[in-house]
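Trainee: sharing a sequence plus its predicted fold:
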Amino acid sequence: MKLYDVAVVGATGLVGRKMMQVLEERKFPVNRLVPLASERSAGKEVRFNGKAVKVQKLEPRSFEGVHVALFSAGAGVSKEFAPHAVKAGAVVIDNSSAFRMDEDTPLVVPEVNRHAIFRHKGIIANPNCSTIQMVVVLKPLHDRFGIRRVVVSTYQSVTGAGQRAVAQLEDEIAGRPLREKKFPYPIAYNCLPHIDVFFDDGYTKEEIKMKLETKKIMEADVEVTATTVRVPVLGGHSESVNIEFEKPCTVSEVRSLLQRAPGVIVQDDPAKNLYPMPLNSYDKDEVFVGRIRKDETIPSGINLWIVSDNIRKGAATNAVQIAEALIAGA
Ligand SMILES: NC(=O)c1ccc[n+]([C@@H]2O[C@H](COP(=O)([O-])OP(=O)(O)OC[C@H]3O[C@@H](n4cnc5c(N)ncnc54)[C@H](OP(=O)(O)O)[C@@H]3O)[C@@H](O)[C@H]2O)c1
């Protein structure tokens, strides 16, 4: 079996550490792991396949001999260093927003548009976490009923804002002085309808990402309007999703389509209080869906509730799935 040299940029972060865990769990054929981070973490050790590996400072020459480079250290780092990785011959799978909307960069969720991977010109983008879990559910429904419009409100885990955000929540709950201040307001016992920066029209960048990325991944004119909210939760992102269809549909048709959809688990039995929750999705790869109900206010529509671990399917697992597809070939 061919083995690959794999770099993880942001190896000390929430997503980078999970990427190494997922590479190990899924037995990705790694020859040499190259964990990269900033100067702050150079020399620290991470564990991979039972061995301690030293974290190196990210530099332009870090990618010599690397076949696959998983980037997860923010858009600025990706913009500066991904071209060096490509020049060294690596394929970059980038978790940041740096290249997602570039025409030449495929934006991929393997359950939805695996074919797009093979059009890459050195960089493949991993979509925004909130978008990934939503399109895995939308895709089979769009194929069957044609989606006209989606209205989504998110309830996003603090893990989506990195380890400084988790530290702020933990310190606020413990009532101790803050080690970090990631959010402009307290996040414990609070909700912030504010993820990423605001635009002049009042929407946030996270909301616009959900709108634009959905169309690109699904290769369809599916209209999305979003309200994205940070909540004091750790296990995963939740989404309340209202979908309007072109064709008639029933709740039982939707449920049975989703039961057969790749990467989806239906948890929907109100009589037994069964519905998806972030506590239960933590460290799982699947997208969980429940609370499937008819929207009585339009000719054909449903409401549902989607939950997934944003660090797994929303980031690390999706990136490793792309790498697996890449080495498996078209
Ligand atoms: N969290 C999510 O749900 C999620 C989902 C999808 C995508 N993403 C994206 O993934 C990226 C990382 O997220 P995260 O949650 O893992 O953040 P995090 O926990 O704050 O970790 C950030 C990582 O980036 C490294 N880093 C920061 N500045 C660097 C620099 N100048 N050079 C090299 N490395 C640098 C850090 O290294 P040091 O230890 O040296 O500081 C650390 O390893 C972001 O772009 C984020 O938007 C996150």
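Mentor: Cool, the structure landed. Numbers count the residues shown, from 1 in each chain.

Trainee: could you measure from the closest residue to the ligand within the chain over to residue 108?
Mentor: Closest to the ligand within the chain is residue 13: 2.1 Å, counting by C-beta to the nearest ligand atom. For every residue, glycine as well, the C-beta is placed using N, CA and C. Computed with C-beta to C-beta, to the nearest Å, the distance linking residue 13 and residue 108 is 21 Å.

Trainee: neighbour count for the two, which is higher?
Mentor: More neighbours sit around residue 108 than around the other of residue 13 and residue 108, counting by other C-beta atoms under 10 Å; the figures are 28 against 22.

Trainee: just checking, the more buried one touches residue 217?
Mentor: Yes: with contact defined as C-beta atoms under 8 Å, residue 108 reaches residue 217; the gap is 7.2 Å.

Trainee: what residues does the stretch 51-200 of the chain put near the ligand?
Mentor: Within the stretch 51-200 of the chain, the positions near the ligand by C-beta under 6 Å from any ligand atom are 58, 72-74, 77, 95-96, 129, 159-160, 162-164.

Trainee: can you rerun that using 5 Å?
Mentor: Applying C-beta under 5 Å from any ligand atom, we find that the stretch 51-200 of the chain lies next to the ligand at 58, 72, 73, 74, 77, 95, 96, 129, 160, 162, 163.

Trainee: report the buried members of those residues.
Mentor: For these, a neighbour count by 16 or more other C-beta atoms under 10 Å gives the buried set as 58, 72, 73, 74, 77, 95, 96, 129, 160, 162, 163.

Trainee: phi, psi of the second one?
Mentor: Right, the one you point to is residue 72. phi -160, psi 60 (degrees, to the nearest 10).

Trainee: for stretch 46-53, buried residues please.
Mentor: Of all the residues in stretch 46-53, those buried under the rule 16+ other C-beta under 10 Å are 46, 48, 53.

Trainee: so what touches that stretch?
Mentor: Residues from elsewhere that reach stretch 46-53 (C-beta atoms under 8 Å, 6 or more residues apart in numbering): 11, 12, 17, 20, 23, 24, 30, 33, 35, 45, 55.

Trainee: could you list the low-confidence segments of the stretch 1-150 of the chain?
Mentor: Across the stretch 1-150 of the chain, nothing is flagged by pLDDT under 70.

Trainee: which residue ranges form the strands in it?
Mentor: 4-9, 30-37, 45-48, 51-54, 56-57, 68-71, 91-94, 123-125, 147-155 (DSSP state E, counting those that start in this stretch).

Trainee: how distant is stretch 237-253 from the center of its chain?
Mentor: With C-alpha atoms, centre = their mean, to the nearest Å as the basis, the distance from the averaged C-alpha position of stretch 237-253 to the chain average is 21 Å.

Trainee: and that stretch, how far apart are its ends?
Mentor: Using C-alpha to C-alpha, to the nearest Å, the end-to-end distance of stretch 237-253 comes out at 25 Å.

Trainee: what do you get for stretch 236-255?
Mentor: With C-alpha to C-alpha as the measure, the first residue of stretch 236-255 is 22 Å from its last.

Trainee: now do the buried residues in that stretch.
Mentor: Of the residues in stretch 236-255, those with enough neighbours to count as buried (16+ other C-beta under 10 Å) are 236, 237, 238, 239, 241, 242, 243, 244, 245, 249, 254, 255.

Trainee: cool, and stretch 277-295?
Mentor: For stretch 277-295, burial by neighbour count (16+ other C-beta under 10 Å) applies to 277-278, 281-282, 284-293, 295.

Trainee: same question for stretch 22-31.
Mentor: Buried residues in stretch 22-31, defined by neighbour count with 16+ other C-beta under 10 Å: 22, 23, 24, 28, 30.

Trainee: which outside residues touch that stretch?
Mentor: By C-beta under 8 Å, 6+ apart, the residues outside stretch 22-31 that reach it are 1-6, 33, 48-49, 312, 316-317, 320, 323-324, 327.

Trainee: just the buried residues out of these, in ChimeraX syntax.
Mentor: Typed into ChimeraX, the line below selects the buried ones among the contacts of stretch 22-31, using 16+ other C-beta under 10 Å:
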select :4,5,6,33,48,312,316,317,320,323
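
Trainee: also near the ligand: which of the contacts of stretch 22-31, exactly?
Mentor: Of the residues in the contacts of stretch 22-31, proximity to the ligand by C-beta under 5 Å from any ligand atom holds for none.

Trainee: got the CA positions of stretch 284-300 in PDB?
Mentor: Taking C-alpha atoms only, stretch 284-300 is exported to PDB below (Å, rounded to 0.1, in the frame of the first residue of the first chain):
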ATOM      1  CA  LYS A 284     -19.400  11.300  16.500                       C
ATOM      2  CA  ASP A 285     -18.900  11.500  12.700                       C
ATOM      3  CA  GLU A 286     -22.600  11.500  11.600                       C
ATOM      4  CA  VAL A 287     -25.100  14.200  11.100                       C
ATOM      5  CA  PHE A 288     -28.200  13.600  13.300                       C
ATOM      6  CA  VAL A 289     -31.700  14.700  12.300                       C
ATOM      7  CA  GLY A 290     -35.000  14.700  14.000                       C
ATOM      8  CA  ARG A 291     -38.200  16.800  14.900                       C
ATOM      9  CA  ILE A 292     -39.300  16.200  11.300                       C
ATOM     10  CA  ARG A 293     -42.600  18.000  10.800                       C
ATOM     11  CA  LYS A 294     -44.800  19.300   8.000                       C
ATOM     12  CA  ASP A 295     -44.800  23.100   7.600                       C
ATOM     13  CA  GLU A 296     -48.600  23.700   7.300                       C
ATOM     14  CA  THR A 297     -48.100  27.300   6.100                       C
ATOM     15  CA  ILE A 298     -46.900  26.500   2.600                       C
ATOM     16  CA  PRO A 299     -47.900  24.000  -0.100                       C
ATOM     17  CA  SER A 300     -44.900  21.800   0.400                       C
END
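
Trainee: no further questions, thank you.
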